[in-house]
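Colleague: Everything below, folded, please.
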Amino acid sequence: MTQIEADEKLTAAQAEEQATMTCNCTEAVEYQKEKQRKEKAMMNVSALFGENATPDKRCGEGIVNILKAAVEEIYTGGLAKVTLNLRGGVKASISQNAKGEINVERTETKKQKLTE
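Modeller: Residues are numbered from 1 along each chain as shown. Reported below is the predicted structural model:
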């Protein structure tokens, strides 16, 4: 049981979330770590594919939304790994490792063809 102070009226779910984020019991600390992993993965999607990527690396909003939805599904346990093959030889891969961290990777393959 923990007491919280808020400037505005919170719903029961919002109050429970805020209390969990300030609690230091084992379950709450594990929840805090999981939530931080998810938030870090969302930031990585943004940095590699979204609005925080360099202009030449940015993908469309629809693709970024798919990647963020994949992070959410991996976070909730619905998916283990997602790989998207994008145009231009770009692959987006999102997975969870044994430590529970959500990895976001961008792989670019450049093909060269020699003409004779």
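Colleague: make it CA atoms for all contacts and neighbour counts henceforth
Modeller: Fine.
Colleague: in the biggest helix by length in the chain, what's buried?
Modeller: Using DSSP state H, we find that the single longest helix of the chain is helix 26-48. Under the neighbour-count criterion of 16 or more other Cα atoms under 10 Å, helix 26-48 has 28, 32, 34, 37-48 buried.
Colleague: from these, which is closest to residue 66?
Modeller: residue 45 (10.2 Å; Cα to Cα).
Colleague: I'd assumed residue 106 was in contact with the closest one.
Modeller: No - counting by Cα atoms under 8 Å, residue 45 sits too far from residue 106 to count as a contact (9.2 Å).
Colleague: how about the strands of the chain, start to end?
Modeller: With strands called from DSSP state E, the chain shows them at 81-86, 90-96, 102-108.
Colleague: So for residue 61, which of those sits nearest?
Modeller: The nearest among those, by Cα to Cα, is strand 81-86 at 13.2 Å.
Colleague: mean confidence score for the closest one?
Modeller: The average of the pLDDT scores along strand 81-86 is 96.
Colleague: Show me what that strand is in contact with.
Modeller: Residues from elsewhere that reach strand 81-86 (Cα atoms under 8 Å, 6 or more residues apart in numbering): 70, 74, 91-96.
Colleague: can we see that at 10 Å?
Modeller: Applying Cα atoms under 10 Å, 6 or more residues apart in numbering, the contact partners of strand 81-86 are 59, 63, 66-67, 70-71, 73-74, 90-97, 102-108.
Colleague: Check stretch 30-44 too.
Modeller: Stretch 30-44 has contacts (Cα under 10 Å, 6+ apart) with 17, 20-24, 26, 28-29, 45-47, 49-53, 64, 67-72, 74-76, 94-96, 100-106.
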